[in-house]
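# sequence plus the predicted model coming up.
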Amino acid sequence: AAEETRPADVTAVSAPLITSTLVKVNVSLPEAAQRAAATGADGVGLLRIEHLILGMNKTPQWFITNQKEEEFISELYDGIKIILDAFPGKPVWVRTLDAPTDEFRNMEGGEDEPVEHNPMLGWRGIRRDLSTPGQFRLQIEAFKRLWKAGYENLGLMFPLVSHPREFIQAKSLLRDWGVDVDAVTLGIMVEVPSSAIMIDEFIKAGIKFASFGTNDLVQYTLAVDRNNEHVASMYEPTHPAVLKLIDYAIGRCRAAGVECSICGQAGSDPKMVSWLVEHGILSVSANIDAIAKIREAAARTEQRMILNMAYSKGSNEGERLF
Ligand code: PEP
Ligand code: MG
């Protein structure tokens with residue numbers, strides 16, 4: 001009983017975990033769809049399709065060369081559908097293919113992949129899709145069928161975008177292929193510093209959302225290979241330069257009414273999420289196992305912000321609340 005009558009502690013809020021920040025989940029495998037949905041997440045903030053595609057064990061080009069396009073399209077369709085079905089009415093942002101060339105090497109058709117000195121700075125993400133529209137189109141065909149089947153909650157997210165013209169080109173290809181680009185949700189990953197710096201131009205180009213891919217944003221901002229153990233200690237998601245880019249992009253997105261989110265690993269870190277919520281992020285997407293603690297971090301931060309606002313003497317917000 002003493003517990004129950006203790007005055008509420010501002011820093012330890014035990015209210016129901018309803019947040020105005022949307023807490024979404026990252027999913028890669030259809031097998032994880034049910035577990036992901038059971039978290040009660042507000043949608044899928046990143047559906048990586050690499051696992052579905054690499055799991056086919058043949059490169060997208062192989063399907064084209066061997067006239068097996070239908071096989072590719074229907075496998076992709078089936079895999080994504082399982083995840084969409086687990087999140088009825090909730091937004092699911094599917095990321096278009098983003099695998100570096102070296103990951104295709106051991107598959108059938110992999111011998112045709114270019115050998116790159118530095119695949120992470122090379123032919124991947126939207127770059128690959130724009131320069132091989134045939135491969136891009138295979139994916140878009142699967143998405144078109146999903147939209148046609150009524151999955152209006154399906155949104156597309158383009159990876160490794162570094163210039164607004166890439167978004168414009170992608171949109172124009174989609175239009176050529178019969179997608180009503182104004183009716184569907186198209187957005188970008190902000191994972192190259194240039195896309196954070198040019199966020200206003202992306203907004204003008206019509207993105208509906210932007211999601212921080214901090215795994216890459218950190219490596220490209222700091223010139224620290226995310227997979228190199230010798231520089232691992234320099235890989236700092238909270239480096240002031242990274243935070244400055246994120247803060248800037250959040251501010252611009254908010255001002256324009258564009259949903260900004262995060263889907264990199266930093267979105268599964270409660271401290272980082274607290275910082276992001278304080279800085280105005282509208283949604284976060286975390287790993288399945290991190291959802292509970294992320295929701296809690298967001299709820300506590302929101303509560304703290306409201307109380308700070310309410311008690312800050314002289315502020316209009318405070319006067320309005322009390
Ligand atoms: C990221 O870069 O933060 C991201 C989510 O994409 P990936 O880890 O697949 O590169
Ligand atoms: Mg990335």
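In hand now; what should we look at? Remember, predicted model here, so these are calculated numbers, not experimental data. Numbering: from 1, shown residues only. Ligands and ions are numbered 1, 2, ... in the order given.
# when you work out contacts or count neighbours from here on, use the C-alpha atoms and nothing else.
Fine.
# measure Tyr151 to Thr65 for me?
30 Å (C-alpha to C-alpha, to the nearest Å).
# please identify which of the two sits among more neighbours.
Set side by side, Tyr151 and Thr65 show more neighbours around Tyr151, with 20 against 11, by other C-alpha atoms under 10 Å.
# my guess is the more buried one contacts Leu84. True?
Yes: Tyr151 lies in contact with Leu84 (C-alpha atoms under 8 Å); the separation is 7.4 Å.
# quick one: the helices in the stretch 101-250 of the chain, in order.
Under the criterion DSSP state H, counting those that start in this stretch, helices of the stretch 101-250 of the chain are mapped to 125-131, 133-148, 164-176, 193-197, 199-204, 214-222, 240-256.
# just tell me which of those helices ends up closest to ligand 1.
Between ligand 1 and the helices of the stretch 101-250 of the chain, the shortest separation by C-alpha to the nearest ligand atom is 3.5 Å, and it involves helix 214-222.
# so where's the protein uncertain?
1-16, 313-322 (pLDDT under 70).
# in the longest helix anywhere in it, what's buried?
Ordering each helix of the chain by length in residues (DSSP state H) puts helix 291-311 first. Across helix 291-311, burial judged by 16 or more other C-alpha atoms under 10 Å covers 291-292, 294-304, 309-310.
# which of the residues you listed are close to ligand 1?
By C-alpha under 6 Å from any ligand atom, no member of these lies near ligand 1.
# nearest to Gly55, out of the helices of the stretch 101-250 of the chain?
Checking the helices of the stretch 101-250 of the chain against Gly55 by C-alpha to C-alpha gives helix 133-148 as the closest, at 14.8 Å.
# go ahead and measure how far that closest one is from the middle of the chain.
19 Å (C-alpha atoms, centre = their mean, to the nearest Å).
# for this protein, what lies in contact range of ligand 1?
Going by C-alpha under 6 Å from any ligand atom, the residues of the chain near ligand 1 are Glu191, Gly213, Thr214, Asn215, Asp216, Cys263, Gly264.
# nearest residue to the fifth one in space, please, no chain neighbours.
With C-alpha to C-alpha, 6 or more residues apart in numbering as the criterion, Asp216 has its nearest non-adjacent residue at 5.3 Å, and that residue is Glu191.
# check Glu116 too.
Gly122 (7.0 Å).
# ligand 1 versus that neighbour, what's the distance?
When distance is defined by C-alpha to the nearest ligand atom, to the nearest Å, Gly122 is 13 Å away from ligand 1.
# can I take it that Val284 is in a strand?
Yes: the assignment for Val284, made by DSSP: H, G, I helix; E, B strand; the rest coil, places it in a strand.
# beta partners for it?
Val23 (DSSP bridges).
# neighbours around it, how many?
Neighbour number of Val284 under other C-alpha under 10 Å is 31.
# that one reaches Thr19, doesn't it?
No: applying C-alpha under 8 Å as the test, Val284 and Thr19 come out as separate, 11.3 Å apart.
# residue contacts, the closest residue to ligand 1 within the stretch 51-200 of the chain?
Among the residues of the stretch 51-200 of the chain, Glu191 lies closest to ligand 1, at 5.8 Å counting by C-alpha to the nearest ligand atom. Shown in contact with Glu191 (C-alpha atoms under 8 Å, 6 or more residues apart in numbering): Pro159, Leu160, Val161, Phe212, Gly213, Thr214, Asn215, Asp216, Leu217, Val218, Tyr220.
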